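Colleague: Task: produce atomic coordinates for the following.
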Amino acid sequence: MRTTSALLRASHLAPTLAVTTVVAVLTVVAGLEPGTRAVLVTAVLAGQLSIGWSNDLLDADRDARVGRADKPIATGELPHGLVRRALVVVLAVCTVASLAAGLLSGLVHLVLGVGSGWAYNLGLKRTVWSFVPYTVAFGSLPVLVWLALDPWQLPSGWMVAAGGLLGLGAHLLNVLPDLDDDAATGVRGLPHRLGGRVSGLCALGCLVAATAVIVLGPAGSTPPWAWTAGGIAVVLAGAALRVGGKAPFRAAMVLALLDVVMLAAR
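Modeller: This is a model prediction of the structure:
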């Protein structure tokens, strides 16, 4: 039980479950067959686990230097060898399940989804291009779902654009709590170069833009609830900017959740 708990904590459990849940909802919206839906969700879960574990494994020495007690690999609670074996298992599951959902869908997931996450972990996080993996990976989520249809289809462009904006906002938000630790160990991605305040404001702007795309993007008339949700997003962002402090960060987190719900509903 202790080892299982440590593995879950090292997997970046919250974002892992968030991304997997988004894909699960999109498979229902797209109308995938139950079998394909299960295989695709399994592939995404395994891919996200691999990204989380590889991140903490690669950063173990850096996390130990800054005293990250919440990182079980860095503290020695979770042996490196066990994590490597777990990575082999989930990568095998991810590869088989991804391709079982469809060749095109599987390639998109493995290259643009999982590949982007690993590219971030392996070095892009330390460059000004740190935002690219998040933007590409999130933008590819509706693509890999719609490509799993039989016959395959492409999602609407507005869905890809909204996903990319959500990914960019997620990157900026995800890094903010670790800016000081990252700076102490030589990590200087885009948010580090922008600074905490500017990154928070940019994250808020990305999520408001995603809201606008979700409200205005789909063909046909926009339902009243979508206009209402869009108005709430604008008011929330404006109030957060006026208050300042940590309000933009908290508002951005609320907007991210609102955008995901709206994306599925639209």
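
Colleague: what about residue 142, neighbour count?
Modeller: Counted with other C-beta atoms under 10 Å, the neighbours of residue 142 add up to 24. Where C-beta positions appear, they are placed from N, C-alpha and C, glycine not excepted.

Colleague: contacting residues for it?
Modeller: Contact analysis of residue 142 by C-beta atoms under 8 Å, 6 or more residues apart in numbering lists 26, 155, 159, 160, 163.

Colleague: Which one (most neighbours) among those residues?
Modeller: Neighbour-wise, the contacts of residue 142 (other C-beta under 10 Å) top out at residue 163, 27 neighbours.

Colleague: Alpha carbons only: can I get the strand or helix carrying it in CSV?
Modeller: Remark: residue 163 resides in helix 157-175, with elements defined by DSSP states H and E. The C-alpha trace of helix 157-175 is given here as CSV (Å, rounded to 0.1, in the frame of the first residue of the first chain):
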residue,chain,number,x,y,z
GLY,A,157,-11.0,23.5,-35.9
TRP,A,158,-12.5,25.4,-33.0
MET,A,159,-12.1,22.4,-30.8
VAL,A,160,-8.4,22.1,-31.6
ALA,A,161,-7.9,25.8,-31.1
ALA,A,162,-9.7,25.7,-27.7
GLY,A,163,-7.6,22.7,-26.6
GLY,A,164,-4.4,24.4,-27.6
LEU,A,165,-5.3,27.6,-25.6
LEU,A,166,-6.3,25.4,-22.6
GLY,A,167,-2.9,23.7,-22.8
LEU,A,168,-1.0,26.9,-22.9
GLY,A,169,-3.0,28.2,-19.9
ALA,A,170,-2.4,24.9,-18.1
HIS,A,171,1.4,25.2,-18.6
LEU,A,172,1.5,28.7,-17.2
LEU,A,173,-0.6,27.7,-14.2
ASN,A,174,1.2,24.5,-13.6
VAL,A,175,4.6,26.1,-13.3
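
Colleague: Which strands or helices does it pack on?
Modeller: The helices and strands touching helix 157-175, judged by 3 or more C-beta pairs under 8 Å, 6 or more residues apart in numbering; DSSP states H and E, are helix 131-146, helix 190-194, helix 196-216, helix 247-265.

Colleague: Show me what the mean pLDDT comes to for stretch 214-231.
Modeller: Regarding stretch 214-231, the rounded mean pLDDT is 89.

Colleague: For the chain, which residues score under the pLDDT cut-off?
Modeller: 244-246, 248-249 (pLDDT under 70).

Colleague: Report the two members of the contacts of residue 142 separated by the largest distance.
Modeller: The most widely separated members of these, counting by C-beta to C-beta, are 26 and 160 (11.9 Å).

Colleague: Residue 222 touches residue 214, doesn't it?
Modeller: No: counting by C-beta atoms under 8 Å, residue 222 stays clear of residue 214, with 9.9 Å between them.

Colleague: Who has more neighbours out of the two?
Modeller: More crowded of residue 222 and residue 214, by other C-beta under 10 Å: residue 214, with 29 against 14.

Colleague: and the lengthiest helix in the chain, which residues are buried?
Modeller: Longest helix of the chain, by residue count under DSSP state H: helix 34-58. Within helix 34-58, the residues scored as buried using 16 or more other C-beta atoms under 10 Å are 36-37, 39-58.
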